[in-house]
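Q: predicted model follows, preceded by the sequence.
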Amino acid sequence: MILYKRFWLFLGFLSLASSSFSQIFPSKVYPQGYFRNPLAVPISLAGNFGELRPNHYHMGLDLKTQQRENLPVYAAAEGYISRIKVEPAGFGRAIYIDHPNGFTTVYCHLNNFTPKLEAYLKEQQYMQESWRVFLAIPSGLFPVNKGDFIAYSGNTGGSQGPHTHFEIRSTAGDVNFNPMLFGFNIPDNTKPAFLRLAIYDRNKSTYEQAPRIVPVKRTAGDFVTTLPIISVSSSRVSFAITGYDTHSGSSNLNGIYEAVLYDDDSAVIGFQMDAISYESTRYLNAHIDYRTKATGGPYLQHLSQLPGYVNSIYTNFMGDGIIDLSDGGVHAIRIRIRDAYGNTSALSCRIQYNGVLSSVTTPAGKLFHPLMLDVWESENCEFYIGEKCLYDAAHIKHLVSVSASAQVVSDVHTIGETYIPLQDSITIRIRPTIPVEGERAAKVVMQRVSGAKTDVQKVEWQGEWAAAKFRDFGRFQLVVDESAPVIVPIGFRNGSVLSTSSRIAFTVKDNLVKFKNVRALLDGEWLRFNNDKGRTFIYQFDEKCPRGAHTLFISAEDEAGNTGTGTYSFTR
């Protein structure tokens, strides 16, 4: 009788119009038509708001620039330029405009600014003796009207190809809003689509299982699973999906705006990509199945809220997304996804607990929980996991091995698994197995290794323990680093004649890869070298280097405090 009743509920549920689902979230009002397209070409998206990226949500729109650079970029509305940023990664070269309606627009990966703004930037960089800057600008200095030219599009910073990244934020709180909710003219009559469904046994940690992937297919209406009834060996399950969205005339597979999970005819949980702050963007790692992605699989977006996801994008209508199947009945599951323009698709399936619990093997290591401070201790290693580090409970194991490197003065401590993500840094303390004192102790760094990736941090000595913080698990060891970075000139050497050259360039190499505080002095005065994308340091000859003989001094420091220098005479 229970099965019969649920079956008819399921059929009735399928007949509901998609418009009824859209009312479940509270309505929000955004100014329509206030902001214009910041480009002179029609908007075509290479990426949308909330799209899934490594360790962060995408916080704006990526506007295509016809696969080229130097398209004019215009102010989206009246206001004033309040900040400009220059950095090797991230935004590259960016402009922030504050508007009188309480919003700020941000334009990123730019090339040259307007001549006056470019001159102001250069003056400030020389005053601060830093190419990398984030400048707050007085409100009356650079006012703009809607449609004023502000810069040329580019490919600077973390950009992987020419485009303009565009954001709309609240000026007061720096919360980013989905620009597609502000009435831009982006033709869109295409529905989002499902690629796969994943099911999790929620009697286990999400990091201690591989999900069951269920194939889906498109029907005349929406999407269904290929199995009529999915039989599971767990009384508590949750779901995740892979989905994508496009817009008219574009083949880019962008992120979905909204998803809601229904159990029979009741909304359980859902999310909207409408407002996210940069303080919360790393919580993407709680929104996705991080283990599957980190081990080479696809993005899977959870339709359940992990306990350590603070201030999440989810709305819990009826629980946290974990479905109780212990009644043994067939549950009609429906997942509805929608884009920002109301185009909707749905995936339907039926699922039933078969009454046979799957075997549970307790993983090695100590069990740590989110929202709790806990510690693991041994003779030569300790690590502390804070309240805001983990998203889900997980067993964190510790293994010890020995390094063959003469630079390493400790055991190698493998802590946790790299497919378990961290929101905040954990503190690791290691006791050396080889005594280090005096100047050698000052050169000790802690190195993290994971496959081909390495990172180093300067240690803080706490008695005989060396402490450092890291935001990922891996293999950790103490290294005495007494090798200074090396300056590598590109296309010139000491005594070069550069009268026909337009620039001078160099790179820096370090034995532990990481270096900082790179400075260049021309005839004793600081010289501005561009370091876009953190690769080559480039100075384009200008009035700061007139014709004649010059001496260039370059220095770079590593994490252990070693300083490498190079002095080069040249004639221009």
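A: Cool, the structure landed. Residues are numbered from 1 along each chain as shown.

Q: please, where are all the strands along the stretch 51-200 of the chain?
A: Secondary structure of the stretch 51-200 of the chain, counting by DSSP state E, counting those that start in this stretch: strands at 52-53, 56-57, 61-64, 72-74, 79-86, 93-98, 103-108, 110-113, 133-136, 143-144, 149-153, 163-170, 175-177, 193-201.

Q: tabulate those strands (CSV), appending distance to Leu284, mean neighbour count and mean pLDDT.
A: Using the backbone N, CA and C atoms, a C-beta is placed for each residue, glycine as well. Shown next, in CSV, are the strands of the stretch 51-200 of the chain (distance: least, Cβ to Cβ, whole Å; neighbours: other Cβ atoms under 10 Å; pLDDT from 0 to 100):
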stretch, distance to Leu284, mean neighbour count, mean pLDDT
strand 52-53, 6, 16, 96
strand 56-57, 5, 18, 97
strand 61-64, 16, 24, 97
strand 72-74, 27, 19, 98
strand 79-86, 22, 21, 98
strand 93-98, 21, 24, 98
strand 103-108, 19, 23, 98
strand 110-113, 25, 20, 98
strand 133-136, 24, 13, 98
strand 143-144, 33, 17, 98
strand 149-153, 26, 21, 98
strand 163-170, 16, 23, 98
strand 175-177, 13, 20, 97
strand 193-201, 17, 21, 97
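
Q: using JSON lines, lay out these together with distance to Phe473.
A: Below are the strands of the stretch 51-200 of the chain laid out as JSON lines (distance: least, Cβ to Cβ, whole Å):
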{"stretch": "strand 52-53", "distance to Phe473": "21"}
{"stretch": "strand 56-57", "distance to Phe473": "19"}
{"stretch": "strand 61-64", "distance to Phe473": "31"}
{"stretch": "strand 72-74", "distance to Phe473": "41"}
{"stretch": "strand 79-86", "distance to Phe473": "31"}
{"stretch": "strand 93-98", "distance to Phe473": "32"}
{"stretch": "strand 103-108", "distance to Phe473": "31"}
{"stretch": "strand 110-113", "distance to Phe473": "37"}
{"stretch": "strand 133-136", "distance to Phe473": "31"}
{"stretch": "strand 143-144", "distance to Phe473": "46"}
{"stretch": "strand 149-153", "distance to Phe473": "39"}
{"stretch": "strand 163-170", "distance to Phe473": "31"}
{"stretch": "strand 175-177", "distance to Phe473": "29"}
{"stretch": "strand 193-201", "distance to Phe473": "21"}
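
Q: which of these sits closest to Gly319?
A: For the strands of the stretch 51-200 of the chain, proximity to Gly319 was assessed by Cβ to Cβ; strand 193-201 is nearest, at 14.8 Å.

Q: dump the closest one to PDB, restricted to CA.
A: Coordinates of the C-alpha atoms in strand 193-201 are reproduced here as PDB (Å, rounded to 0.1, in the frame of the first residue of the first chain):
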ATOM      1  CA  ALA A 193      21.000  20.500 -18.600                       C
ATOM      2  CA  PHE A 194      22.000  17.600 -16.400                       C
ATOM      3  CA  LEU A 195      25.000  15.400 -17.200                       C
ATOM      4  CA  ARG A 196      25.000  13.000 -14.200                       C
ATOM      5  CA  LEU A 197      23.500  12.200 -10.800                       C
ATOM      6  CA  ALA A 198      25.600  11.100  -7.800                       C
ATOM      7  CA  ILE A 199      24.300   9.300  -4.700                       C
ATOM      8  CA  TYR A 200      26.100   9.300  -1.300                       C
ATOM      9  CA  ASP A 201      25.800   7.000   1.700                       C
END
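
Q: strand partners (parallel or antiparallel) of it?
A: Using DSSP bridges, the neighbouring strands of strand 193-201 in the sheet come out as strand 212-214 (antiparallel), strand 236-244 (antiparallel).

Q: hmm, who's touching it?
A: Residues from elsewhere that reach strand 193-201, judged by Cβ atoms under 8 Å, 6 or more residues apart in numbering: 206, 209, 211-216, 218, 223, 225, 230, 232-234, 236-245, 289, 292, 298, 300, 304, 335, 337, 345, 347, 349, 351, 358.

Q: pull out the buried members of these.
A: For those, a burial check counting by 16 or more other Cβ atoms under 10 Å picks out 206, 209, 211, 213-214, 216, 223, 225, 230, 232, 234, 236-245, 289, 292, 300, 304, 335, 337, 345, 347, 349, 351.

Q: the strands in the stretch 301-450 of the chain, which residues?
A: Using DSSP E, counting those that start in this stretch, the strands found in the stretch 301-450 of the chain span residues 301-302, 314-316, 323-324, 331-338, 344-353, 366-368, 374-377, 381-385, 394-396, 398-401, 412-415, 426-430, 444-450.

Q: same thing with the stretch 451-572 of the chain?
A: With DSSP E, counting those that start in this stretch applied, the stretch 451-572 of the chain shows strands at 453-458, 460-462, 465-470, 474-480, 486-490, 496-497, 503-509, 515-522, 525-526, 537-540, 549-558, 563-571, listed in chain order.

Q: how close does the closest residue to Leu521 other than its chain neighbours sit to Ala505?
A: Counting by Cβ to Cβ, 6 or more residues apart in numbering, Phe553 is the residue found nearest to Leu521 once chain neighbours are left out, at 4.5 Å. Going from Phe553 to Ala505 by Cβ to Cβ, to the nearest Å gives 16 Å.

Q: mind checking pLDDT for Leu16?
A: Leu16 is assigned a pLDDT of 36 by the prediction.

Q: same check, this time on Lys533
A: Per-residue confidence at Lys533 stands at 95 (pLDDT).

Q: which ones are touching it?
A: By Cβ under 8 Å, 6+ apart, the contact set of Lys533 is Pro88, Ala89, Thr156, Gly157, Gly158.

Q: next one: the spatially closest residue to the second one that is not a sequence neighbour from His109, what distance?
A: By the measure of Cβ to Cβ, 6+ apart, the closest residue to Ala89 outside its immediate chain neighbours is Gly158, 4.7 Å from it. In this view, Gly158 and His109 are 8 Å apart by Cβ to Cβ.
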